[in-house]
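Asker: here's a sequence, model it:
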Amino acid sequence: MSVRLKPSTLDDQIQGAFGSPVAELYATAAGPDVSPALAPALELRSFLALAEEQVARVRDRVHEAMAPDRDVGELSADGLRLDAQWLEAALDARDGYRATLSDLLRTVPPPSQQPNAVRLTQPTIAATLPPSVAAPAPQRAGAARPRRP
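Answerer: Numbering: from 1, shown residues only. Okay, here's the model as predicted:
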């Protein structure tokens, strides 16, 4: 599943900050007229969605291992210790992404006050040379000169 389709806990705040659903924002980010804050916000959102998915996977694995109908003999202290470390790392990542994304969203002006992005591209000029100038180069043009003894 694409990160764009994974939900995150800050999707509502992102939608509120930019005035469009997250799926539309990803499409807008690929275009030429993009808010300067949109690309980093969506990148952080993608990382957050992955971190939240990891938290949920570890949580579900621990719940499954600790289910009342499971054989207690299958429990492994090493396995649970590894899951606890993994969960701690995933929670730290999630918390960091949430904090950074929340800080970024606080700096974004409301959608009604956001100026339209200005395209800063240089015009391109296409020109063709007249046939006399565009003649092919002589066969030995650019060839290495023979060495003198």
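
Asker: average model confidence for the helix or strand hosting L48?
Answerer: Secondary structure assignment for L48, by DSSP states H and E: helix 38-65. Averaged across helix 38-65, the pLDDT comes to 96.

Asker: how many neighbours does M66 have?
Answerer: Applying other C-beta atoms under 10 Å, we find 11 residues neighbouring M66. No exception for glycine: its C-beta is placed from N, CA and C like everyone else's.

Asker: check contacts around it.
Answerer: Taking C-beta atoms under 8 Å, 6 or more residues apart in numbering, we find M66 in contact with L75.

Asker: quick check: phi and psi at it.
Answerer: The phi and psi values for M66, taken as degrees, to the nearest 10, are phi -100, psi 10.

Asker: what separation is there between it and F47?
Answerer: 29 Å (C-beta to C-beta, to the nearest Å).

Asker: for Q85, same thing?
Answerer: For Q85, the distance to F47 equals 20 Å [C-beta to C-beta].

Asker: neighbour count winner among these two?
Answerer: Per other C-beta under 10 Å, whichever of Q85 and F47 has more neighbours is F47, with 18 against 11.

Asker: so that one touches D95, yeah?
Answerer: No. Using C-beta atoms under 8 Å as the test, F47 is too far from D95 to be in contact (12.0 Å).

Asker: how about D78, secondary structure?
Answerer: Counting by DSSP: H, G, I helix; E, B strand; the rest coil, the backbone at D78 sits in helix.

Asker: that one: how many residues sit nearby?
Answerer: 7.

Asker: D11 now?
Answerer: D11 has 17 nearby residues by other C-beta under 10 Å.

Asker: need the nearest residue in space to it, chain neighbours excluded.
Answerer: Counting by C-beta to C-beta, 6 or more residues apart in numbering, the nearest residue to D11 once its immediate chain neighbours are dropped is V22, at 5.2 Å.

Asker: where exactly do the helices run in the protein?
Answerer: Counting by DSSP state H, the chain has these helices, from start to end: 11-18, 22-29, 38-65, 77-107.

Asker: possible to save those as JSON lines with distance to Q113?
Answerer: Shown next, in JSON lines, are those (distance: least, C-beta to C-beta, whole Å):
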{"stretch": "helix 11-18", "distance to Q113": "11"}
{"stretch": "helix 22-29", "distance to Q113": "17"}
{"stretch": "helix 38-65", "distance to Q113": "15"}
{"stretch": "helix 77-107", "distance to Q113": "12"}
